[in-house]
Structures are given as C-alpha cells and as structure tokens.
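Trainee: need the 3D shape of this:
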Amino acid sequence: MAINQRVFTGLIQDVGLLERVTTGSMSDFWVRTALAVERFGSGESIAVDGACLTVLDSSPTHFHVQAAPETLRRTTLGQIAPGSVPKLIPSRLPPTSSR
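Mentor: Numbering: from 1, shown residues only. So this is what the prediction gives:
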C-alpha cells in the first residue's frame, strides 16, 4: 500500500506578507501570498520561515496558521510581526518512480 506523504522541497516558493498576528495559548498568523492558496486545504503543511505549520483555513489570497509557544521559542517566528515578509515553502507530493 502506497502512503501519500507530503514533503518539503526546501525551495522557497514565495515571500508572503504577515498581515495579522494574535497571541494567546497559541499564536495565530494570517499571511498574504501569491501562491495558489485556494489549493491549500485545512490540515495542509506549509513551512513559514523554515517552521512547518498546519493551515487552519485559507482564502484566495491568504492562509491562517497557528504556532505553539515552543515553536515560537525555537524558531524566528517569535520575533516576526505584521509587515514581516516570511519565506514560504508549501509541501508537495514526491514524484512517483517509474519502476
């Protein structure tokens, strides 16, 4: 049985614009991007400045993700604010082999 596991290429696909941040027990980030966000489903993974986050919802031009306090401490996400331009790498399905 094949498992469709998504992977990160490591290639930056876009530089987004962080439009809104709310903090609490989890921090919420709303990012504007030129990527085809309408293809991002809830639960999709995207690397934001190198940190793998899960898309909670999206619109044609934005997506919303959350980060836990430990993620903020261990990455640069704890220092970004509205107006920041995070590097974005969406996850992809790996190419299939022709064996």
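Trainee: the top strand by length along the chain - what's its average pLDDT?
Mentor: Assignment by DSSP state E gives strand 51-58 as the longest strand of the chain. The predicted model gives strand 51-58 an average pLDDT of 93.
Trainee: for stretch 17-32, buried residues please.
Mentor: 17-18, 21, 27, 29-32 (16 or more other C-beta atoms under 10 Å). Bear in mind the C-beta positions are built from the backbone N, C-alpha and C, glycine included.
Trainee: what is the nearest of the residues you listed to Ala51?
Mentor: Of all the buried residues of stretch 17-32, Ala51 sits closest to Phe29, with 10.2 Å by C-beta to C-beta.
Trainee: quick check: the closest one vs Gln66, distance?
Mentor: 7 Å (C-beta to C-beta, to the nearest Å).
Trainee: shared neighbours of those two, anything?
Mentor: Leu53 (C-beta atoms under 8 Å, 6 or more residues apart in numbering).
Trainee: just to revisit the earlier point, now the element after the longest strand of the chain, going C-ward?
Mentor: Once strand 51-58 ends, the next helix or strand along the chain (criterion: DSSP states H and E) is strand 62-67.
Trainee: Val48 contacts Phe29, correct?
Mentor: Yes: applying C-beta atoms under 8 Å as the test, Val48 and Phe29 come out as touching, 7.0 Å apart.
Trainee: still on that earlier bit, which helices and strands sit right next to the longest strand of the chain?
Mentor: strand 45-48, strand 62-67 (3 or more C-beta pairs under 8 Å, 6 or more residues apart in numbering; DSSP states H and E).
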